[in-house]
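Undergrad: next one to model:
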Amino acid sequence: MGKDNQISIKLEYPSIENFTNDNYTELINTLHELNFGYYVNDAPLASDAEYDRLLKLARKLEEIHPSWQTPDSPTFKIGGEVRSDFKQVKHEPPMRSLDNAATWSEFLAFDARVQKSIGEALWYYHVEPKFDGLAIELIYENGVLTTGSTRGDGEFGEDVTHNIRTIENVPLRLRKKLKYISIRGEVVIRLQDFEETNKELEAAGKKIFANPRNAAAGSLRQKDSSLTAKRKLVFFPYSLGSWSNDFILPETQSQIWNKTFPELGFRSYEKAGIYQISNLEKYYLSMIEERSTLPFDLDGLVIKLNETRFWDEMGSTGKFPRWAIAFKFPARLAISVLESVSFQVGRTGIVTPVANLKPVNIGGVMVKRASLHNKDEVERLDIAVGDTIEVTRAGDVIPKVTRKIKEGPNRKLIQFPDRCPTCSSVLKQEEVYLRCINRDCESIRLESLCYFASREGLDIEGLGEEWIRKFFELGIVKDIADIFEMKLVDIQKLPGMGSILPQKILDSINARREVDLSTFLTALGIANVGPHIAEVLSAEFSTLEALQDANEETLLQVHEIGPGIARSVSSYFKDKQNQKILKKLFSANFNLKTAVAIKKSNEFQGKTFVFTGSLTRFTRSDAESMVKERGARASGSVSANTSFVVAGEKAGSKLKKANELNIPVLSEDEFLNLMKEGNK
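TA: From the prediction side, this is the model:
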């Protein structure tokens, strides 16, 4: 940053009673400049004591003159705001996840697709660290931070602005005053700070975080921002979301990383660079060796085609951009001893063997248990109790046993049960799994309840697995309907609840008394029905009643619904016990949101649309919603089965392929007219 753009550093100010609004503005500008010098340039312009003195002065002035405080005041870094809810924020464009490569051959397959798509003799990749933290989006309007949100499901995230403001290296004011720009990146916590945080929690008798990623995510979702401020979170930007026309997208990702981010006031992580395929593997292998010495937890590299002009041309699949990939590091390994094997019953009745290990530290997490999956896996591993085994955290998260290192002197073969370890019912063999088919099995009922209330299910905040288990043990909650029949006095029966938590849990339950159909179907935990299939079913049938009336044959007519899904959905709603619980649930003041019915045009039923290029009349997600609402499909690739290609500006390879296959190509206006005609 040149001298002309520097703000003068003034450390001496008048006494508080003589302060003017202009003096206050000058003080705030100085604090911003001190933050930039410390967090971005690594060149402190004043001592920590001087900075703290000025920050306290600003806070005191804002207490005396609250009208002076601006949204970008550095005093927000201290925290203190308490939010009772997390509002939803829509990401535009969506925050897509990345496809993964776990081996060099998988990465070479990605490279071959890139080469085929862009047809360039030489191309370069920008290689960045893949932080194991929480992805967020920051929105700046007129240069000031207005919204900070989590990635969420990619389409919508949670508004955590009050907490993001407390992160020291997140600028509340950009160093360039743009009308609008959104910055995307990762919130992480240093490994040292993670360990210190867990020590403090343990000393206070509170639950510790399982790993640094959970610590970052949990800290950012605190209601009270002063708690977040204590966690020493760090933010690193990695991409741009959208921007106003007073910003021009640089030609390369390396320019965004090394020039744009610092010019705006952000610190880019230094371990990034430009590589060709010839020297990329060497760098990848060196980073695997180096990762254990870094201050932050990395689980791989993010590899992006460096030239931004190719990004839109290559486009995306339904889930991932085609011009970038996450090259994951191998899972972390450790050696332990298999001390015993227990068997747990899941919500669908599947009985899973669990390895009980001699405790071992894997990547900062103390692991005591690991999955053995099923009988076939145990036989493949050829392991027995007493053996020394290798354990990995797959994806650096889920521990599992990967191989036998050596046999123990007094090894004991693993015996699989023929009866359920919970209810003693005879187990049914289903391919490689053992399943308890007793619907009244306590483990099945309990695990179903836990899933129903969990974040993956109905997301009843505060009603975690620990509380569900206690309610179940006391007989207060026996099925999903009982959750919505609980009164405050029921919740207060649990020891350790205190005086405030019961009302919070009740408020959270009441807040989820009305949800959409897809969320409800996911929460029910029907076999083979995850979030995506739940959306497919809810889009097709609109109401629960229509879905309940559908037989297997009807379900099989729905795109993406196969025999297994059709069978499990039909069986679930035919089951008398399930019908009884659902009737009880809807009698307990629980409702489903009414879907807005859109008449589907026969003209678009079975049609497939592909969108390419820069769209200006509508967003890609809005366009995809339009065709889905009218019975058509949206695809990320052009094939002989494509019905229409909608081309915006700078349309590339997809447009070329459409012309080669003689597929009708529509402009944005022609597409909108087609949508209007289909609704007549």
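Undergrad: so which bits of the helix or strand of the chain with the lowest mean pLDDT are buried?
TA: Least confident helix or strand, the chain: helix 620-629 with a mean of 74, by mean pLDDT, DSSP states H and E. Of the residues in helix 620-629, 620, 621, 623, 624, 626, 627, 628, 629 count as buried by neighbour count, 16 or more other C-beta atoms under 10 Å. Where you see a C-beta, it was placed from the backbone N, CA and C, and this is true even at glycine.
Undergrad: how about the fifth one, nearest residue that isn't a chain neighbour?
TA: Taking C-beta to C-beta, 6 or more residues apart in numbering as the measure, residue 626 lies nearest to residue 675, with 5.4 Å between them; neighbours along the chain are not counted.
Undergrad: what helices and strands are in contact with the least confident helix or strand of the chain?
TA: If you count contacts as 3 or more C-beta pairs under 8 Å, 6 or more residues apart in numbering; DSSP states H and E, helix 620-629 packs onto strand 608-612, strand 633-635, helix 668-678.
Undergrad: show me what contacts the residue nearest to residue 626?
TA: 626, 627, 630 (C-beta atoms under 8 Å, 6 or more residues apart in numbering).
Undergrad: surely residue 262 meets residue 256?
TA: No: if you go by C-beta atoms under 8 Å, residue 262 and residue 256 don't touch, sitting 10.4 Å apart.
Undergrad: SS state for residue 519?
TA: helix (DSSP: H, G, I helix; E, B strand; the rest coil).
Undergrad: phi, psi of the closest residue to residue 476 other than its chain neighbours?
TA: Using C-beta to C-beta, 6+ apart and skipping the chain neighbours, the partner closest in space to residue 476 is residue 490 (5.2 Å). Note on residue 490: backbone dihedrals following degrees, to the nearest 10 are phi -70, psi -40.
Undergrad: right, and residue 490 touches residue 482 too?
TA: No: at 9.1 Å, residue 490 does not count as touching residue 482 under the criterion of C-beta under 8 Å.
Undergrad: distance to residue 564 added to the buried residues of helix 620-629, as CSV?
TA: Output for those, formatted as CSV (distance: C-beta to C-beta, whole Å):
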residue, distance to residue 564
620, 32
621, 29
623, 32
624, 27
626, 31
627, 27
628, 24
629, 27
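Undergrad: of these, closest to residue 56?
TA: residue 621 (45.5 Å; C-beta to C-beta).
Undergrad: report the distance from stretch 110-124 to the chain centre.
TA: Chain-centre distance of stretch 110-124: 29 Å, with C-alpha atoms, centre = their mean, to the nearest Å.
Undergrad: now do the end-to-end distance for it.
TA: 13 Å (C-alpha to C-alpha, to the nearest Å).
Undergrad: which other residues reach that stretch?
TA: So stretch 110-124 is in contact with 99, 101, 274-277, 303, 305-307, 310, 313-314, 322-323, 325, 653, going by C-beta under 8 Å, 6+ apart.
Undergrad: do stretch 411-421 as well
TA: Residues outside stretch 411-421 that contact it (C-beta under 8 Å, 6+ apart) are 341-345, 351, 353, 375, 378, 383-387, 425-427, 434, 436, 438, 441, 443.
Undergrad: hey, which helix is longest across the chain?
TA: helix 21-39 (DSSP state H).
Undergrad: quick one: average confidence on it?
TA: In this model, helix 21-39 has an average pLDDT of 78.
Undergrad: just stretch 147-163 next, same as before
TA: On average, the pLDDT along stretch 147-163 is 87.
Undergrad: work out the gap between that stretch and the centre of the chain.
TA: Per C-alpha atoms, centre = their mean, the centroid offset for stretch 147-163 relative to its chain is 10 Å.
Undergrad: span of that stretch from start to end?
TA: Stretch 147-163: ends 11 Å apart by C-alpha to C-alpha.
Undergrad: residues in contact with that stretch?
TA: 79, 81, 83, 86-91, 94-97, 134-139, 145-146, 164-165, 170, 217, 219-222, 225, 228, 531, 621.
Undergrad: same check on stretch 452-466?
TA: Counting by C-beta under 8 Å, 6+ apart, 450-451, 468, 480, 483, 501, 504-505, 508-509, 511-512, 515, 519-520, 522-525, 531 sit against stretch 452-466.
Undergrad: same deal with stretch 246-253?
TA: For stretch 246-253, the surrounding residues in contact (C-beta under 8 Å, 6+ apart) are 126, 178-179, 181, 240, 243, 256, 259-260, 304-309.
Undergrad: filter those to the buried ones?
TA: Buried, going by 16+ other C-beta under 10 Å: 126, 178, 181, 240, 243, 256, 260, 304, 305, 306, 307, 308, out of the contacts of stretch 246-253.
Undergrad: residue 547: which element?
TA: helix 544-549 (DSSP states H and E).
Undergrad: so which residues make contact with that helix?
TA: 517, 520, 521, 537, 538, 541, 569, 573, 592.
Undergrad: what about 7 Å?
TA: Contact partners of helix 544-549, identified using C-beta atoms under 7 Å, 6 or more residues apart in numbering, comprise 517, 537, 541, 573, 592.
Undergrad: which of the contacts of stretch 452-466 are buried?
TA: For the contacts of stretch 452-466, buried by 16+ other C-beta under 10 Å: 450-451, 468, 480, 483, 504-505, 508-509, 512, 515, 519-520, 522-525.
Undergrad: among these, which ones are in helices?
TA: 450-451, 468, 480, 483, 504-505, 508-509, 519-520, 522-524.
Undergrad: biggest separation within those residues, which pair?
TA: 504 and 524 (25.1 Å).
Undergrad: what sits closest to residue 623 if chain neighbours are left out?
TA: Nearest to residue 623 is residue 611, by C-beta to C-beta, 6+ apart, at 5.4 Å.
Undergrad: quick one, what contacts residue 511?
TA: No contacts exist for residue 511 under C-beta under 7 Å, 6+ apart.
Undergrad: do you know the pLDDT at it?
TA: So, for residue 511, pLDDT stands at 90.
Undergrad: next one: residue 596
TA: 49.
Undergrad: check the one 10 residues further on too.
TA: pLDDT for residue 606: 76.
Undergrad: adjust the sequence numbering to begin at 2 for everything that follows.
TA: Okay, residue one is now 2; in that scheme the one you just asked about reads as residue 607.
Undergrad: sec struct for it, please.
TA: coil.
Undergrad: what's the neighbour count on it?
TA: 12 (other C-beta atoms under 10 Å).
Undergrad: any idea how far residue 644 is from it?
TA: 8 Å (C-beta to C-beta, to the nearest Å).
Undergrad: rewinding a little: give me the common contacts of residue 491 and residue 483.
TA: residue 477.
Undergrad: just the strands in the stretch 452-601 of the chain please.
TA: 515-516, 592-593 (DSSP state E, counting those that start in this stretch).
Undergrad: mind putting those in JSON lines, distance to residue 578 and mean pLDDT included?
TA: Output for the strands of the stretch 452-601 of the chain, formatted as JSON lines (distance: least, C-beta to C-beta, whole Å; pLDDT from 0 to 100):
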{"stretch": "strand 515-516", "distance to residue 578": "22", "mean pLDDT": "91"}
{"stretch": "strand 592-593", "distance to residue 578": "20", "mean pLDDT": "92"}
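Undergrad: dump those strands to a markdown table, plus distance to residue 237.
TA: Output for the strands of the stretch 452-601 of the chain, formatted as a markdown table (distance: least, C-beta to C-beta, whole Å):
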| stretch | distance to residue 237 |
| --- | --- |
| strand 515-516 | 35 |
| strand 592-593 | 41 |
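Undergrad: highest mean neighbour count out of the helices and strands packed on helix 621-630?
TA: Highest mean neighbour count among those (mean count of other C-beta atoms under 10 Å): strand 609-613, with a mean of 24.
Undergrad: that one - which strands sit beside it in the sheet, and in what orientation?
TA: Looking at strand 609-613 with DSSP bridges, its paired strands and their directions are strand 634-636 (parallel), strand 645-648 (parallel).
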